[in-house]
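1. Output the structure for:
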Amino acid sequence: MDYATEHQFSELTWRPLAAALGVSTTTLVHRFGSKEQMLEAIFARLQERTLVTIDPGAGLATAARAIWQQSSDPGRGAEFRLFFAVYGQALQAPELFAAFLDHVVANALDALTEAQGPDIARVAAARTATLVVAFLRGLLLDLLATGERARVDGAAQAFLASLEHPA
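-> Below you'll find the predicted structure:
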């Protein structure tokens, strides 16, 4: 994962990766099968790292705040630039990135739906979770594209506060 985040998506190829890891390209191909499957494994791990801190009973605002804090961390910018690069490729070639597309939204939705607790109807909780995922990913794209941390984080904080005190 570290190698993948340090290099641009277009530069992520078997030979340099194998050399950096001290293994053969055959080992990588045997382990992952394809570059797309390797990227899916990388992003499964990235999602685990992001969602692992979400306590299912913490409440929506707390869970959303944890996701924003982790995904907007300046030290993780390279990971999320790679995430969005692969996301774009997956939309162009869904047959190559099926597992990624199956989980890229579902994992976050599930975590945020569960965070709302059992008293919220699942349909309503999923709808709210969808809005939160879309909003936070949109803000993250804005942050990565512009680097305007104060403006984007201010918008995120206003949104997150609205989750603590819904109208």
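
2. Out of the helices and strands in the protein, which is least certain?
-> Sorting the helices and strands of the chain by mean pLDDT, DSSP states H and E puts helix 35-51 at the bottom, at a mean of 74.

3. just checking, what packs against it?
-> helix 25-32, helix 60-71, helix 77-92, helix 98-104, helix 106-115 (3 or more Cβ pairs under 8 Å, 6 or more residues apart in numbering; DSSP states H and E). Just so you know, the C-beta spots here come from the backbone N, C-alpha and C atoms, and that holds for glycine as well.

4. which one of the ones you listed lies closest to residue 146?
-> helix 77-92 (12.2 Å; Cβ to Cβ).

5. contacts for that closest one?
-> 1, 4-6, 8-9, 39, 42-43, 46, 71, 96-97, 100-101, 104, 140-141, 144 (Cβ atoms under 8 Å, 6 or more residues apart in numbering).

6. Pull out the buried residues from those residues.
-> 4-5, 9, 39, 42-43, 46, 71, 96-97, 100-101, 104, 140, 144 (16 or more other Cβ atoms under 10 Å).

7. any chance of the helices and strands packed on helix 35-51 in a markdown table, with distance to residue 159 too?
-> Shown next, in a markdown table, are the helices and strands packed on helix 35-51 (distance: least, Cβ to Cβ, whole Å):
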| stretch | distance to residue 159 |
| --- | --- |
| helix 25-32 | 37 |
| helix 60-71 | 8 |
| helix 77-92 | 18 |
| helix 98-104 | 21 |
| helix 106-115 | 13 |
